[in-house]
Structures are given as structure tokens and as C-alpha cells.
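[1] Return atomic coordinates for the entry below.
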Amino acid sequence: MLSYMTAYSCFMPIESFIRASNQINIYFQEDKNLAYTIKDIQEIFYQNRDKWKIAAYRNYKDFIKHLTKTKLLKLEKQIHQHTSSEKQILRKKEATNFDVGLAIKKDGYLCNYSAIQFHQISTQLPKTIYVSEDKYKGFYLPNIHFEKKELLQKNIDAAFSKPQRTSSNIYKSKFNHYTYTFLQKKYFSINIGVTRYGRYNVTDLERTLIDIAVRPAYSGGVFNVLDCYINAKERVDTKKMLAHLNELNYIYPYHQLIGFYLEKAGYLKCDYEAFLEKKSSLNFYLTYNLSNKKLNRKWSIYYPMGF
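    Numbers count the residues shown, from 1 in each chain. Sure thing, here's the model as predicted:
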């Protein structure tokens, strides 16, 4: 005869998450996403709770506890660099830091240092993930370029006499000490040179070389940018690069900056002469806040001494 406790335990209700464990496991095994925000987890929970027959008194926080307790997902906490606010991400074992960054900015794409790493044009291994998200998508009109304001030398000199402005949207992971920097690009740069590689949206090689020249602080500095240009030499299509640059329609004369990099990196004249043809009458800068600088008159580019 069964003891009283044994008999009682036979009729105890099984915890609903445990009862639905197989269904939950199958869901995450089949789901192509590898990292999730709290909002993602909420949506999954409320969309599936009836099918999984989860008890009414359970909520998404209980769901998160179940996912972490059963080791289906790992919890990653991230702290904002300036406000100390916390963001929580749940990631599968096979998730990369790229997956985490793109889970946070679902319409974003890997750029700058992360694109450098992706295209393998630098030996440096940064512990920062860069994700860009274009602004004003709803107002973007393809093939329409907005009229540029007149650019004056004094305004260029003033802008580049200061340090480069950098994003304040930065989170530091307590999980593996990686930093996530989120950028926003102007509305006229939407998806130019952004392509799909496997499961990632990434700037293509040509757009990457443009971005790292434009914002060297997100790319390891000007010396690393030059190394990237050298390492990409056998693969880059400079005609495609020029087409991206024309479509981006920058106010500043970045074509002469990029042409300078191409020549400095040892590209053939036929690779950079189209950039030289677009040279303006203005002097431009290789980077911001240069103290000791020299002027390359061919490209009208100020560059740091020793470069």
C-alpha cells in the first residue's frame, strides 16, 4: 500500500512550465534567433502561453526564470555607460556578440570595427560591437539628393579642430565585458552598401572602407584604417566604392580623404584617379583634433606627423 505522502504526491499538480518543457525546448531549438530582448521574451510567452497551457498566475518573469534555470538561455546584463541603466538580453549558447547586438537593434547592421572584423581586414580583435541603425526610414526617398549648403574652409577647420563626436548609446556587458556601441546614421544613407552575410546584416567591404575613413574613432584610429585599406587591396572594387560614396552624398569632401588612403595604401592610379577628379578646392582632414599636422597638397588633406 502506498504511504500517505506517496499517494499525495501522485495527485500533486505538475508545475506548468515543467509540463510544457518539451514544447518550450522545441520552440527555441527551431527558432532561428539566437538572442532575445526582454520584449522578445514577453511576446513569445504571451503568444504561446495558451498553447503551452501555462498557469494563469505565471507571467513572463517566471518564464525567464524557467529559461535560465533549465539553461535554455543565458542571461546577459548590460549597463549603460552614462546613465547606469540596465538592459537584459537572453542568449543561446551558440549566440555570438554580433547576434546580441543585432537582437537589440533589429533593423540595424554591423558597421565600422565590427564590419572590419567580419571582413577580416585587420588583425586587431576589439571588444566592442558596433551596430548602426539608420534614422527616418519612413521619410527616405530613394535617388533624391538634398541640396548641399555651401561649405566654407573656416567651418571645416572649426569642426575638425575638436575631438570626434561619438555615440553616447553605449552598454557594457557584465556577462563577458564586451561593449556595445549603437550608432545612428543620417536618413540619406539608408541601406547603402548594406548586405546580408549568412544571418547578419553587414556593410559590404566597400561601404566599410568608407565608414572607417569617415569615423576613424570607431575603427581603431587612422593607422588601423590604413592597414585595413592595405589588407583589402586584392578584394575591394573601387568603382563600387565611388558609387557608394556618390550615393551617400556627404557634405564634406570625403572622396579626397578616401583617395588619399587608396594612394597611401599602394593602390594603382586607375583605382584612385576618379576620386582625384572630384577633389574640391578645400583643405580637408584625415581625422579630428590634429595637433601636429602636415598638408598633402595633391589631395589637400591634413594628416598627422609620422603618418
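[2] ok, Y113 - contacts?
    Taking CB atoms under 8 Å, 6 or more residues apart in numbering, we find Y113 in contact with 126, 128, 130, 212, 218-220. (Each C-beta comes from the backbone N, C-alpha and C, glycine too.)
[3] just H255 next, same as before
    For H255, the contacting residues are 242, 245, 275, 278-279, by CB under 8 Å, 6+ apart.
[4] what would the contacts of Y113 look like in TSV with neighbour count and distance to K87?
    TSV is the format used below for the contacts of Y113 (neighbours: other CB atoms under 10 Å; distance: CB to CB, whole Å):
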residue	neighbour count	distance to K87
P126	18	20
T128	17	16
Y130	27	17
I212	29	27
Y218	24	20
S219	26	25
G220	18	26
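[5] What about those, which are in helices?
    Judged by DSSP state H, the contacts of Y113 include I212 as members of helices.
[6] Show me which pair in the contacts of Y113 is furthest apart.
    T128 and I212 (13.5 Å; CB to CB).
[7] re the thing from before, export the contacts of Y113 to TSV and tack on pLDDT?
    Formatted as TSV, the contacts of Y113 follow (pLDDT from 0 to 100):
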residue	pLDDT
P126	90
T128	95
Y130	97
I212	97
Y218	95
S219	94
G220	93
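[8] closest to I230 among the contacts of Y113?
    I230 lies nearest to I212 out of the contacts of Y113, by CB to CB, at 12.6 Å.
[9] what sits against that closest one?
    Counting by CB under 8 Å, 6+ apart, I212 touches 112-113, 115-116, 218-219, 225, 228.
[10] among the residues you listed, which are in helices?
    Going by DSSP H, the helices hold 112-113, 115-116, 225, 228 from the contacts of I212.
[11] Where does the prediction get shaky in the stretch 51-200 of the chain?
    Where the stretch 51-200 of the chain drops to pLDDT under 70, the residues are 136-148, 186-189.
[12] Show me the helices in it, by range?
    Here the stretch 51-200 of the chain has its helices, by DSSP state H, counting those that start in this stretch, at 60-69, 97-104, 112-119, 153-160.
[13] Would you mind listing the buried residues in the first one?
    Burial within helix 60-69, assessed by neighbour count using 16 or more other CB atoms under 10 Å, is assigned to 60, 62-64, 66-67.
[14] just curious, which of these is nearest to Y200?
    In terms of CB to CB, no member of the buried residues of helix 60-69 lies closer to Y200 than L67, at 24.0 Å.
[15] For the closest one, which non-adjacent residue is closest in space?
    Spatial nearest neighbour of L67, excluding adjacent residues (CB to CB, 6 or more residues apart in numbering): L73 at 4.5 Å.
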